[in-house]
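got a predicted model here, sequence first, then my questions.
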Amino acid sequence: QALDGRADTARESSQLAMSLSPLDPLSYGMFGVQAMAAMSQEDYVEAKQMSEKAMQSPGAHFYIAIIAAIANELQGDKKAAHRWRAHALKNRPDVNADMFFAAFPFRNSDLRRKVNRALTELDLV
């Protein structure tokens, strides 16, 4: 839902999932969904907050770090964006835009362009 432009539905669904399972070991994914939905709505402050919450959740993996890097880049915090980029590369040195888009097949072309621009700025293309 977050990847195809249904940001409101994505937020509602992920919030419901988290309310039903507040200790879910995959909560980083729900926060990641909320970050992507916020990016779709150009709410970059919320995207940054949700992506960093995702990174603070146990089990968060390198793709979540890339989401945090993108959210911070779009929000204008280049220092934090590069810190999350470095974190992702430490865990997965070969991560790049192609891998990211293979894992997250965006249907929302506007969001995909924004994300691609952020990944370019982060030298991950």
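Happy to help now that I have it.

residue ranges in the protein under the pLDDT threshold?
1-8, 10-12, 14, 16-20 (pLDDT under 70).

ranges for the helices of it?
Here the chain has its helices, by DSSP state H, at 7-20, 27-40, 44-56, 62-75, 78-91, 97-103, 109-121.

export those to JSON lines and tack on mean neighbour count?
C-beta: built from backbone N, CA, C; applies to glycine. Formatted as JSON lines, these follow (neighbours: other Cβ atoms under 10 Å):
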{"stretch": "helix 7-20", "mean neighbour count": "15"}
{"stretch": "helix 27-40", "mean neighbour count": "25"}
{"stretch": "helix 44-56", "mean neighbour count": "21"}
{"stretch": "helix 62-75", "mean neighbour count": "26"}
{"stretch": "helix 78-91", "mean neighbour count": "17"}
{"stretch": "helix 97-103", "mean neighbour count": "14"}
{"stretch": "helix 109-121", "mean neighbour count": "17"}
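
which residue, other than its chain neighbours, is closest to residue 103?
Nearest non-adjacent residue to residue 103, counting by Cβ to Cβ, 6 or more residues apart in numbering: residue 63, 5.7 Å away.

and the one you found, what is it in contact with?
By Cβ atoms under 8 Å, 6 or more residues apart in numbering, the contact list for residue 63 reads 32, 88, 95, 100, 103-104.

contact partners for the nearest residue in space to residue 123 that is not next to it in sequence?
Ranked by Cβ to Cβ, 6+ apart and with sequence neighbours excluded, the top spatial neighbour of residue 123 is residue 85, at 7.9 Å. For residue 85, the contact set (Cβ under 8 Å, 6+ apart) comprises 65-66, 69, 122-124.

alright, that wraps it up for me.
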